[in-house]
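[1] got a predicted model here, sequence first, then my questions.
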Amino acid sequence: MSQFLIELRAGEGGRDAMLFCEELRRVVLAFARHRGEYTQAQPGAGNSRTLTLRIEGDRGDYEFLAGVHRVQRVPRTDKNGRRHTSTATIAVLQQGQSVPVQLRDDDLDVFTYVGTGKGGQHRNKTATAVRVVHRPTGIVVVVEHGRSQWQNLKAAKGELLGRLTERAHRQRVEEVGADRNRQIASGERPLKQFTHNEQRATVTAHELGVTWRWTDFYRGQLDRLDAA
C-alpha cells in the first residue's frame with residue numbers, strides 16, 4: 001500500500017459549497033472504510049474551504065472521484081427556500097516525499113582566487129576565495145569571507161546544498177499543482193464532471209457515463225452502479 005492525499009476544495013456557492021465539500025469528505029471516508037483502508041485528516045492542511053485526507057491504499061482506486069462536483073438544491077442555510085448551485089472539487093494527489101538532495105563532487109567545478117576587501121594580508125594574498133559551479137543546474141555560489149580555502153569551500157557547498165533542496169521542493173510543489181489542475185480544471189459552474197441531483201436522487205459522473213443512486217453514493221458504496 002502507498003500513501004496519497006485527497007484534497008477537497010469548496011468552489012462556488014458560498015456557505016453551501018463548504019457544506020457540500022464536507023459531505024464529499026464523508027463520502028470518501030465511507031468509501032475507504034468499506035475498503036478497509038486507513039484514513040486521517042492531514043495535519044495543518046485544511047481550512048474552512050479546503051479539506052485534506054491522507055489515505056493508505058491504492059491511489060488508482062480513488063482517481064475516478066477526481067473532478068468538479070456540482071449540486072443544485074435548496075441549501076439548509078437559505079431561509080427563503082431558493083435553489084442554489086454549488087460546486088466542490090476533488091483531487092487525488094501523490095503525497096510529497098522529501099527526497100534527500102545529493103551533492104556530488106563530480107558535478108562541481110571549483111575555482112579559487114585571491115579574495116578582496118578586508119580580511120588581512122593572508123586573505124588578500126592567498127587564493128582562499130572559492131567559486132563553485134553546479135554543472136547540472138548552472139547554480140553558482142561564491143564565498144570569500146573565510147580565512148582558508150577549506151572553510152570557504154565548506155560554506156559554498158552548504159549554501160549550494162540549501163539552494164538545491166529549495167529548488168527540488170519548489171519543483172515538487174509545481175508538479176502537485178499541475179496534477180491538481182489536470183484533474184479539476186476549474187471550479188466554475190459550467191464545467192460538469194459530476195452532477196448531484198437531489199430531486200432525482202442520483203449522482204452522475206458524466207465523463208465516465210456512470211450514475212449512482214443517491215443513497216449508495218453518500219454511503220460510500222461506490223461499486224454499486226446503475227444505468228443513467
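    Arrived safely, thanks for sending.
[2] assign a three-state SS to the most centrally placed residue in the chain, would you?
    Centroid-nearest residue in the chain, with Cα atoms, centre = their mean: residue 176, separated by 4.4 Å. Applying DSSP: H, G, I helix; E, B strand; the rest coil to residue 176 yields a three-state assignment of helix.
[3] distance-wise, check it relative to residue 208.
    Separation of residue 176 from residue 208 (Cβ to Cβ, to the nearest Å) stands at 24 Å. To be clear about C-beta, it is placed using only N, CA and C from the backbone, and glycine gets the same treatment.
[4] all strands of this structure, in order?
    2-10, 38-41, 50-57, 67-73, 84-94, 108-113, 129-134, 139-143, 194-197, 202-205, 210-213 (DSSP state E).
[5] and for the first one, what's in contact with it?
    Residues from elsewhere that reach strand 2-10 (Cβ atoms under 8 Å, 6 or more residues apart in numbering): 17-18, 20-21, 24-25, 28, 42, 45, 48-59, 62, 65, 87-95, 180, 184, 187.
[6] and the second one, by the same measure?
    Outside of strand 38-41, the residues that reach it under the criterion Cβ under 8 Å, 6+ apart are 28, 29, 32, 33, 51, 52, 53, 54, 55, 56, 57.
[7] looking at those, which is nearest residue 197?
    Nearest to residue 197 among the contacts of strand 38-41: residue 28, at 19.9 Å, using Cβ to Cβ.
[8] what about that closest one, distance to residue 166?
    To residue 166, residue 28 is 33 Å away according to Cβ to Cβ.
[9] and if you look at residue 6?
    Residue 6 sits 27 Å away from residue 166, going by Cβ to Cβ.
[10] pLDDT weak spots in this protein?
    Along the chain, segments meeting pLDDT under 70 span 1, 42-48, 77-78, 96-99, 115-126, 185-192, 224-228.
[11] show me this protein divided up by domain.
    Split into domains by automatic domain parsing, the chain comes to 2-99+177-218, 105-169.
[12] so residue 28 and residue 166 - more neighbours on which side?
    residue 28 (21 against 11; other Cβ atoms under 10 Å).
[13] I'd assumed residue 62 was in contact with the more buried one.
    Yes - contact criterion Cβ atoms under 8 Å: residue 28 and residue 62 qualify, at 7.4 Å.
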